[in-house]
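S.K.: Any chance you can model this:
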Amino acid sequence: MNAVGRPRRALPIPASLDGLLSADARQDIFEPENPRLLVPRTVGVGWDLNFGALAVRLGLIRPDDSLPDLRDHIPERVSRALALAPVLGLCAVAGTVLAAHNHPELPSRWTPTLRPKTWKPARRVGLQHLGVAGLLAAWAEWADQTDGRVDPVASALTAGLHSSSVLLLLAAARAARKPTTDHPSVLAAVAMVAPVVVTTGLLVATVTSALDQIAEDLARARHDATDEAPVRTTPQENPDE
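M.R.: Numbers count the residues shown, from 1 in each chain. Purely as a prediction, here's the structure:
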């Protein structure tokens, strides 16, 4: 955001890099209270999907389930899982790179009809995916360290992009095994939607866990208040009187 709080623009298109450094800017892509599905991109040029609005339209959460309001109530086990997700994603990408390294060449680009367009040496394609995955994992870790606690948006975005990378590598390896096949790649198609599904799923699960934790805390507080309430006794009548 610039000095007046509006996105910088490249011609009529919004442009910004604020999402790289600012947790508040990254929250723009998960705003259930904002009904717009497309919001100005916080990293790059163009528009991002508002995962919060998508989740509301799918009936997964309510418009007032704001992540900043619920962040202090995220259970510890969920925070640990979110913090670990980028590392696990990086390991998954590395494992897929090793598995696909047996082929001399792999597709590095795909046509709009999801067929291989450009082929490059497998080593080069694998290193490209691994390099991007490593940078994403390092960025998610940096976001956590900067804020002093896990950043759900950074972790969910990283996990979503890692899942896409794994699926694209699997699609590339499958295409290399059958280079004469002219059918569209189903795995490449799934890789295109994986970031949306994984990111939305992780953020919705985080919100749901925080709401469950609030409900559990309230129930425990009511139970404790009931146990601590003084018990009133009525004087017993004397049968001799």
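S.K.: sec struct for Tyr202, please.
M.R.: Not Tyr; residue 202 is Leu. At Leu202 the chain is in helix, as set by DSSP: H, G, I helix; E, B strand; the rest coil.
S.K.: what's near enough to touch the nearest residue to it once chain neighbours are set aside?
M.R.: Nearest in space to Leu202, with sequence neighbours left out and distances taken as Cβ to Cβ, 6 or more residues apart in numbering, is Ala156 at 4.0 Å. For the C-beta atoms, the positions are set from N, CA and C on the backbone; glycine is no exception. By Cβ atoms under 8 Å, 6 or more residues apart in numbering, the residues touching Ala156 are Leu82, Ala85, Val198, Thr199, Leu202, Leu203, Thr206.
S.K.: Ala156 sits in which helix or strand?
M.R.: Element membership for Ala156, per DSSP states H and E: helix 152-177.
S.K.: Check which residues of that helix are buried.
M.R.: Residues 152-176 are the ones in helix 152-177 that count as buried (16 or more other Cβ atoms under 10 Å).
S.K.: repeat for stretch 177-192
M.R.: Across stretch 177-192, burial judged by 16+ other Cβ under 10 Å covers Ser185, Leu187, Ala188, Val190, Ala191.
S.K.: So which of the residues you listed are in helices?
M.R.: Cross-referencing the buried residues of stretch 177-192 against helices under DSSP state H gives Leu187, Ala188, Val190, Ala191.
S.K.: Can you tell me how far the first one is from Pro104?
M.R.: So the one you mean is Leu187. 20 Å (Cβ to Cβ, to the nearest Å).
S.K.: Kindly report the same for Ala210.
M.R.: 49 Å.
S.K.: Pro63 now?
M.R.: Taking Cβ to Cβ, one finds Pro63 at 52 Å from Pro104.
S.K.: Those two: who's more crowded?
M.R.: A side-by-side neighbour count of Pro63 and Pro104, using other Cβ atoms under 10 Å, places Pro63 first with 14 against 10.
S.K.: For the more buried one, list the residues it contacts.
M.R.: Neighbours of Pro63 in contact, by Cβ under 8 Å, 6+ apart: Pro32, Glu33, Pro35, Val56.
S.K.: which SS state does it fall under?
M.R.: Following three-state DSSP, Pro63 is assigned to coil.
S.K.: pLDDT value on it, please?
M.R.: Pro63 is assigned 95 on the pLDDT scale.
S.K.: likewise Leu21?
M.R.: 88.
S.K.: what do you get for the one 3 residues further on?
M.R.: At Asp24, the pLDDT value in this model is 88.
S.K.: name the element it belongs to?
M.R.: Secondary structure (DSSP H and E) places Asp24 in helix 23-26.
S.K.: Quick check: which ranges of this structure have low pLDDT?
M.R.: For the chain, applying pLDDT under 70 flags the ranges 1-11, 227-241.
S.K.: now the helices for the protein?
M.R.: Going by DSSP H, the chain shows helices at 18-21, 23-26, 51-57, 67-70, 76-100, 122-147, 152-177, 186-228.
S.K.: Of those helices, which is nearest Leu114?
M.R.: Nearest to Leu114 among the helices of the chain is helix 186-228 (4.6 Å), distances taken as Cβ to Cβ.
S.K.: chain center to that closest one, what's the gap?
M.R.: 12 Å (Cα atoms, centre = their mean, to the nearest Å).
S.K.: quick one: buried residues of stretch 70-79?
M.R.: Neighbour count says stretch 70-79 has Leu70, Arg71, His73, Ile74, Val78, Ser79 buried, by 16+ other Cβ under 10 Å.
S.K.: give the contact list for the third one.
M.R.: With contacts defined as Cβ under 8 Å, 6+ apart, the neighbours of His73 are Ala210, Leu211, Gln213, Ile214, Asp217.
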